[in-house]
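**Student:** whatever this is, show me its structure:
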Amino acid sequence: MLMEELRIELAGTTIGTSAFIPGGVATNLRNSESYRPTQLRNEVASGPARPGGGPAPQTGPLPPGMMDPLEAGRSVLDGIRHNDLFIFSHPEFRPGVEMRFNSVLESMLTPPPPNFNPAAALRTPIYSQEIAHRRATRRRN
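**Tutor:** Numbers count the residues shown, from 1 in each chain. As a prediction, this is how the structure comes out:
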């Protein structure tokens, strides 16, 4: 929501905003405790620390459903270069996202008042602009 609001406020400037919505990315985040200085660590540290500091890099095959961090980074860079408002890392999540948004829409049980102006409900054109933008740039290398 922050990126959406910033996009509205920065409309007409050369500054774009993007929101990265990642699925599972195979990072060493679970080992982050071992990066902390000793005096700032929590009582239970996770992951093995290396003598030089920090956890050992992850090796071997990626866990099921996890994206390689470089692939995730490429997705973010591509989205920023194309000024995409939303950057999803895992397109296979689309059915779940559709279900979530459909449940939100179905929860709007109260009909609009008789004098309702649909144009006034769209206080910003960013969503229709994003739909048009994504349809125009759907095929990328």
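**Student:** where along the protein do the strands fall?
**Tutor:** All strands of the chain, identified by DSSP state E, fall at 19-21, 86-88.
**Student:** ranking those strands by burial, who's on top?
**Tutor:** strand 86-88 (a mean of 17; mean count of other Cβ atoms under 10 Å). Using the backbone N, CA and C atoms, a C-beta is placed for each residue, glycine as well.
**Student:** that one pairs with which strands?
**Tutor:** Neighbouring strands of strand 86-88 in its sheet, by DSSP bridges, are strand 19-21 (parallel).
**Student:** contacting residues for the closest residue to Glu71 other than its chain neighbours?
**Tutor:** The spatial neighbour of Glu71 that comes closest, neighbours along the chain excluded (Cβ to Cβ, 6 or more residues apart in numbering), is Ser89 at 7.9 Å. Listed by Cβ atoms under 8 Å, 6 or more residues apart in numbering, the contact set of Ser89 reads 20-23, 25, 67, 71-72, 75.
**Student:** export those residues to a markdown table and tack on pLDDT and distance to Val97?
**Tutor:** Putting the contacts of Ser89 into a markdown table (pLDDT from 0 to 100; distance: Cβ to Cβ, whole Å) gives the following:
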| residue | pLDDT | distance to Val97 |
| --- | --- | --- |
| Phe20 | 95 | 14 |
| Ile21 | 92 | 9 |
| Pro22 | 90 | 13 |
| Gly23 | 89 | 11 |
| Val25 | 90 | 17 |
| Met67 | 90 | 16 |
| Glu71 | 92 | 20 |
| Ala72 | 93 | 17 |
| Ser75 | 92 | 16 |
